[in-house]
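Undergrad: Let's see this in three dimensions:
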Amino acid sequence: MVQTEHMDSTYFNTGIYPVRDAARLTGVSAGRIRRWLRGYRYRSRMKAYTSPPVWRGQWQPIDNNLAVGFLDLIEIRFVDAFLKAGVSWSTLRQARERAEDIFKVAHPFCTNRFVTDGRELFVELHRETGEPSLIEIVKRQAVFAQIVRPFLKELEFADGTGLVRWWPLGEQRLVVLDPTRNFGRPIVARHGVPTEVLASAAKATGSVAEVSRWYEVPEEEIQDAVEFEQRLAA
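TA: Predicted structure coming up:
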């Protein structure tokens, strides 16, 4: 648990997710998330090595319990997407560190500047390293766009720069993760009820209409909550 004594209001605008919840929301295993945020040790050919954290999380561990913030959550999704696209760990680390320095933010993948300028950043790194895994990203704008496009329709930026909300079904739907509401848990946007609560109730009763009466939430929001939770469970 994260201690809440003597916290200012910014702590309640950060979002907080136990690692198991972060894994459920991102599709990245809890073990990988812990390694990315804590680093890890390993042995190879009788030698011991240390891999440092990929970035410093928004929440520091307390009593060895790790939690992640909203920006960490989105950063995890971007890192996973680039690894799946064939970007090596060394290049990914360099890209992230370079972007952090250029954009002057702790979570550079969470800015729309990365979404628009990130390809050029990889082009620059390719010129320096010549890494084969970047060839497709460098040569074809469409490949980079293919990696980031799924995020664009889901992420809402304020003033064109800062990330403020994640709409996992798209902005036209009614499920949102907003770090300023309910500690960032997935909720239905208009009434703020957690999607997990609505979906569980709908499953238990077999009636969206009945759940709508219980929680005084329109059926449309409940249906979106059910669809979202079913996607997570798939």
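
Undergrad: how about the helix or strand harbouring residue 74: buried residues?
TA: Per DSSP states H and E: residue 74 is located in helix 70-84. Residues of helix 70-84 classed as buried by neighbour count (16 or more other C-beta atoms under 10 Å): 70-82. (C-beta placed from N, C-alpha, C; glycine too.)

Undergrad: got it, and stretch 145-163?
TA: Buried, per 16+ other C-beta under 10 Å, within stretch 145-163: 147-148, 151, 154-155, 157, 163.

Undergrad: Name the residues that touch it?
TA: 71, 74, 77-78, 81-82, 85, 110-113, 115, 118, 137, 164-171 (C-beta atoms under 8 Å, 6 or more residues apart in numbering).

Undergrad: Which of those residues are buried, as a ChimeraX select command?
TA: In ChimeraX syntax, the buried subset of the contacts of stretch 145-163 is picked out as below (16+ other C-beta under 10 Å):
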select :71,74,77,78,81,82,85,110,111,112,113,115,118,137,165,166,167,168,169
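
Undergrad: Please name the residues that touch the closest residue to residue 88 other than its chain neighbours.
TA: Nearest residue to residue 88 in three dimensions, chain neighbours excluded: residue 133, at 5.4 Å (C-beta to C-beta, 6 or more residues apart in numbering). Going by C-beta under 8 Å, 6+ apart, residue 133 touches 86-88, 91.

Undergrad: if you set the cut-off to 10 Å instead, what comes out?
TA: Residue 133 sits next to 82, 85-88, 90-92, 126 when contact means C-beta atoms under 10 Å, 6 or more residues apart in numbering.

Undergrad: Next, format the residues you listed as CSV and append secondary structure.
TA: Output for the contacts of residue 133, formatted as CSV (DSSP: H, G, I helix; E, B strand; the rest coil):
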residue, secondary structure
82, helix
85, coil
86, coil
87, coil
88, coil
90, helix
91, helix
92, helix
126, helix
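
Undergrad: Taking the residues you listed together, which two end up most distant?
TA: Using C-beta to C-beta, the contacts of residue 133 span at most 14.9 Å, a distance reached by 85 and 90.

Undergrad: Filter the contacts of residue 133 down to the buried ones.
TA: 82, 85-87, 91-92, 126.

Undergrad: ok now stretch 23-37, how far from the chain's centre?
TA: 10 Å (C-alpha atoms, centre = their mean, to the nearest Å).

Undergrad: actually stretch 167-183, sorry about that
TA: 12 Å.

Undergrad: can you check stretch 26-39 too?
TA: With C-alpha atoms, centre = their mean, you get 12 Å for stretch 26-39.

Undergrad: Enumerate the positions of that stretch that are buried.
TA: 26, 28, 32-34, 36-37.

Undergrad: ditto for stretch 226-234
TA: 226, 228-229.

Undergrad: can you tell me which of those lies nearest to residue 186?
TA: residue 228 (6.5 Å).
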